[in-house]
Each structure stands twice: as C-alpha cells, then as structure tokens.
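> Any chance you can model this:
(chains A and B)
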There are 2 protein chains.
Amino acid sequence: MNALDRLTSLFAQLPGIGKKSAGRLVYHILENDPSYAYTLAAELSGLHGAIRRCSVCGSFTETDPCPVCADPGRDRSIICVVERAQDVRVIDDSREFRGIFHVLGGLIAPLEGIGPGNLSIGRLLERIRGGEIRELILALNPTVEGDTTALYLQKLIQDMKASGKSSVEVTRLASGLPVGGDLEYADRLTLSRSFRGRVKL
Amino acid sequence: MNALDRLTSLFAQLPGIGKKSAGRLVYHILENDPSYAYTLAAELSGLHGAIRRCSVCGSFTETDPCPVCADPGRDRSIICVVERAQDVRVIDDSREFRGIFHVLGGLIAPLEGIGPGNLSIGRLLERIRGGEIRELILALNPTVEGDTTALYLQKLIQDMKASGKSSVEVTRLASGLPVGGDLEYADRLTLSRSFRGRVKL
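Numbers count the residues shown, from 1 in each chain, chains lettered A, B, ... in the order given. Prediction:
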C-alpha cells in the first residue's frame, strides 16, 4: 500500500467519511500547498497533549478547570447533564443556558454492556452532595438509552431526597416537534410526546 | 483559538466537510486512542514527499514513471486523456481500459482564467508526435468546460492530421442515460445526447 492509499484508509476510519470521500480528501491535499498538510499534521500531533478532560465537569479543555467551570458569572446551582463532551459545546453555543455542566461519558445501554458503573455518575452525586445544586437538567438524547439513563438518574436523586440528603430538582429537556418541522412527517413517538408535553397558551 | 478549534477549522477547509462535521471529526479523534492522531499526522507529513507527479502521464505516484506507465502489459497506442489525477484511479479501478493515461491538470474555463496554456496540452502533443499513438480517448466530464476542452483538442489533432504530422483518432466517452437511471428524471441535455448517440441493436 502506498502513501496515498494509507492516508485514504486512515481518513476512511473517521465517522461519516467513506472510502470515496477519503480519496477525494487525499487528492485535494496533494493538489494543494504542502503547508496545509504540515499544519494539519502538527495540530493532530499536538491535540491529545493540549486537550484534557476538565476535572470538574468532564468536558474537553486546554485549562483545568475548563473556562465554563472557572467562569464566576455562571449559575452554579444548575447542572446540565449531557452524554458527551461535544454536547457541552452545542448547548453553550446556543446561549440558552448559563449554568454549569456535567459530562456522563455515555448513556446506559445494557445490550452494549454499558452500565451505570461505566458513566461518571458517582462524580455527579458527589457534586450534588457537595452543596449548592438546585436543579439538574438532563439534556440527554430522546432515545431508548437517553430515557433509561434519565430514569436511572431520577431514581437515584429521589432516593437521596427521601433520605433527606438532597433537595435537588430533576428536569429534562422538552421533547416534541422540532421548530420548522412538519406534523405530517413527525413519527408517532415524537407526536405522542408533543401531546403529553403540550403547553397552555 | 484553542487546539480543538484550530483543528476544527483546518478540517473544515477540506472539500465536503462543513464546520459541524469538522467538529465531530475532532471530538471523535479526541475520544479515541492518541495513536490514531499520531499515525494520521505522520502520514500527512510524509504525503507530499512520498507522492510526486509521473513525468510521463502526470498522475500521482510514488515511483516515476508511475506503475501504469511502467507496465509492459499496457496498450501504448491508446491514451486516455483525463482532467485530474484522481480520474486515472477511477478509470483504472473500473478495469474497462488497458491503455495509458494523460492528465491535463484541468479543463479550459475562460471565465476562471484557465486557458489551454495552463493545461499540459503541449506535453500531450509531444507524446503524440513521439510515435505509436493510434487513439486518443477524451474522458472529460460532460460539462461546458469538458466540451470546450474536447473541441479544442480535436481541432489541434485535426490540424496535425491535415499537415500529415499525425494519424491519431480522437474519440470521447459516450454521454447519455446513466445505467439504473430513470428517463423521467433525466435532464433535457442528457436526453438530447442520448438520442444523438443512440446505438443500433
């Protein structure tokens, strides 16, 4: 296998990039100035060294704690719980939320062998016990795994509340019709959720 | 801009990769073993050094002349003329053609300021004058630029023939309905070409 084919199959390992697109990328890089390839190579080599997990929330960061956890302007009484580090970026970019985050590192998926023990749930409970948390917003995908994980977390918090160890409120992002979507194309589950979660005008 | 954002905008410069997909790629790389990033970086650094243009046909290769030009089993009397180096790969992988290639390095596009002088047409004529070529298959895209370039080349060869300097035949890949396509969805131009190029059964 020559250099061209080796790079093509490396690119083809990335999500959403098939063998054909990978080839196109390699030819594009070859036809352009080598400086692009060198810069990309340098950034790739440095990536894992420069970026670590925030010891507080678990998101990717260059500084520890991450800029969000270190920001004094954030509301520390609301934690938004997400599945993966990139969800922090998506939510933060939307500017809809000014609290802090917690990255679970996955969702409970028994069929894939992922149980609560594989997620950073212990660390989340520590943060809740640590004090001032008022609300836990579960920003988990509206999928079977997201639902299972949400139920599991809700149960844990209920038990803590019953034994007087916490007074934190658990909420979850609304599920329903996407803005700009069309009723006609909504699946039954989404429609059913949008009915159950209907709001008074 | 931190390491994560820098790598994201580098990926976003590649064709077919938007800002969002670029972000997904970076997070995917971050969440995986650093060895992938290091291997990818090493291959990128070595790419331009390992791959050069074949001095005969102009395609990308590790050895000069390229494996196709060096292959004694190839029919050296037929040259397939293509726009870009990656077209050589596409045609060669199809195993429909056992001749040799010539990469023009682009198509005539006056509006973009690309004239015949920007393409490796002189080198092609040299190869034709050099001898044994019997047929020139123009495998250029059926676009305005492809048509213009095909006409230009055909005219050049006609002039060579008129002055007795060449006896090469010029052909072009058939244009028409794609296999598995639907008449209903064919555009007018494609339909018109498929009529003009109809074959006797």
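> Which helix or strand lies directly C-terminal to the top helix by length along chain A?
Criterion DSSP state H: the longest helix present in chain A is helix A:144-162. Next helix or strand after helix A:144-162 toward the C-terminus (DSSP states H and E): strand A:169-172.
> Just give the strands next to that following strand in its sheet, each with its orientation.
Sheet pairing of strand A:169-172 (DSSP bridges) gives strand A:135-138 (parallel).
> Could I get the buried residue list for the partner strand?
A:136-138 (16 or more other Cβ atoms under 10 Å in any protein chain shown). Every C-beta, even on glycine, is put in place using the N, C-alpha and C of the backbone.
> for chain A, which spans come out with low pLDDT?
Counting by pLDDT under 70, chain A shows no low-confidence range.
> how far away is residue A:146 from residue A:26?
37 Å (Cβ to Cβ, to the nearest Å).
> Show me chain A divided up by domain.
Domain ranges of chain A: A:3-50, A:73-181+A:187-195, per automatic domain parsing.
> Among these, show me which one is buried the most.
domain A:3-50 (a mean of 17; mean count of other Cβ atoms under 10 Å in any protein chain shown).
> does any part of that domain sit near chain B?
Yes. Applying Cβ under 8 Å from any Cβ of the partner chain, one finds domain A:3-50 in contact with chain B at A:3-4, A:6-7, A:10-11, A:13-17, A:21, A:23-31, A:34, A:36-48, A:50.
> Among the residues you listed, which lie within helices?
Reading helices off the residues of domain A:3-50 next to chain B with DSSP H, I get A:3-4, A:6-7, A:10-11, A:21, A:23-31, A:34, A:36-48, A:50.
> isn't residue A:186 right up against residue A:177?
Yes. Using Cβ atoms under 8 Å, residue A:186 is in contact with residue A:177, at 5.7 Å.
> tell me, what's touching these two both at once?
Common neighbours of residue A:186 and residue A:177, counting by Cβ atoms under 8 Å, 6 or more residues apart in numbering or on different chains, are residue A:194.
> can you give me the angle the strand ranked longest in chain A makes with helix A:144-162?
Assignment by DSSP state E gives strand A:75-82 as the longest strand of chain A. Strand A:75-82 and helix A:144-162 meet at an angle of 140 degrees, taking axes from the mean of the first three to the mean of the last three Cα atoms, to 10 degrees as the criterion.
> and strand A:75-82, which strands flank it?
strand A:99-103 (parallel), strand A:135-138 (parallel).
> Tell me how far it lies from the chain's centre.
14 Å (Cα atoms, centre = their mean, to the nearest Å).
> then it to PDB, C-alphas only?
This file holds the C-alpha atoms of strand A:75-82, laid out as PDB (Å, rounded to 0.1, in the frame of the first residue of the first chain):
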ATOM      1  CA  ASP A  75     -25.100  29.900  37.900                       C
ATOM      2  CA  ARG A  76     -23.600  27.200  40.000                       C
ATOM      3  CA  SER A  77     -26.900  26.000  41.300                       C
ATOM      4  CA  ILE A  78     -28.000  24.400  37.900                       C
ATOM      5  CA  ILE A  79     -26.100  21.500  36.400                       C
ATOM      6  CA  CYS A  80     -26.900  20.500  32.800                       C
ATOM      7  CA  VAL A  81     -26.100  16.800  32.400                       C
ATOM      8  CA  VAL A  82     -25.000  15.700  29.000                       C
END
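> Run through who's touching it.
So strand A:75-82 is contacted by A:88, A:91, A:97-104, A:124, A:127-128, A:132-140, A:153 (Cβ under 8 Å, 6+ apart).
> Show the subsequent helix or strand relative to it.
helix A:85-94.
> on contacts alone, who are the packing partners of that next one?
strand A:75-82, strand A:99-103, helix B:19-31 (3 or more Cβ pairs under 8 Å, 6 or more residues apart in numbering or on different chains; DSSP states H and E).
> That helix vs strand A:99-103, what angle?
Using the same axes, to 10 degrees: helix A:85-94 against strand A:99-103 is 160 degrees.
> for residue A:160, what are its contacts?
A:125, A:128-129, A:166, A:168.
> Kindly reformat the residues you listed as CSV containing distance to chain B.
Formatted as CSV, these follow (distance: Cβ to the nearest Cβ, whole Å):
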residue, distance to chain B
A:125, 24
A:128, 26
A:129, 28
A:166, 31
A:168, 29
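> Can you tell me which of those is nearest residue A:66?
Nearest to residue A:66 among these, counting by Cβ to Cβ, is residue A:128 at 19.2 Å.
> Which of the helices or strands spans the closest one?
helix A:121-129.
> Which residue, other than its chain neighbours, is closest to residue A:19?
Closest residue in space to residue A:19, ignoring its immediate chain neighbours: residue A:12 at 5.0 Å, by Cβ to Cβ, 6 or more residues apart in numbering or on different chains.
> What lies in contact with the helix holding residue A:128?
A:56, A:58, A:79, A:81, A:102, A:104, A:133, A:136, A:153, A:156-157, A:160, A:165-166, A:168.
> Farthest pair within the residues you listed?
The widest separation within the contacts of helix A:121-129 (Cβ to Cβ) is 22.5 Å, between A:58 and A:165.
> how near is residue A:138 to residue B:6?
32 Å.
> list the contacts for residue A:50?
By Cβ under 8 Å, 6+ apart, the neighbours of residue A:50 are A:62, B:2-3.
> Try it again at 6 Å.
Contacts for residue A:50 (Cβ atoms under 6 Å, 6 or more residues apart in numbering or on different chains) come out as A:62, B:3.
> partners of the nearest residue to residue A:153 once chain neighbours are set aside in the sheet?
Leaving aside its chain neighbours, residue A:153 sits nearest to residue A:138 (6.4 Å; criterion: Cβ to Cβ, 6+ apart). Per DSSP bridges, the residues bridged to residue A:138 are residue A:81, residue A:172.
> How about exporting stretch A:177-186 as CSV, limited to the C-alpha atoms?
Extracted C-alpha coordinates of stretch A:177-186, given in CSV (Å, rounded to 0.1, in the frame of the first residue of the first chain):
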residue,chain,number,x,y,z
LEU,A,177,-42.0,18.7,17.2
PRO,A,178,-38.8,20.4,16.0
VAL,A,179,-39.2,24.1,15.1
GLY,A,180,-39.8,24.4,11.4
GLY,A,181,-40.8,20.7,11.2
ASP,A,182,-43.9,19.4,9.6
LEU,A,183,-46.6,17.5,11.5
GLU,A,184,-47.1,15.2,8.5
TYR,A,185,-43.5,13.9,8.8
ALA,A,186,-43.4,13.5,12.6
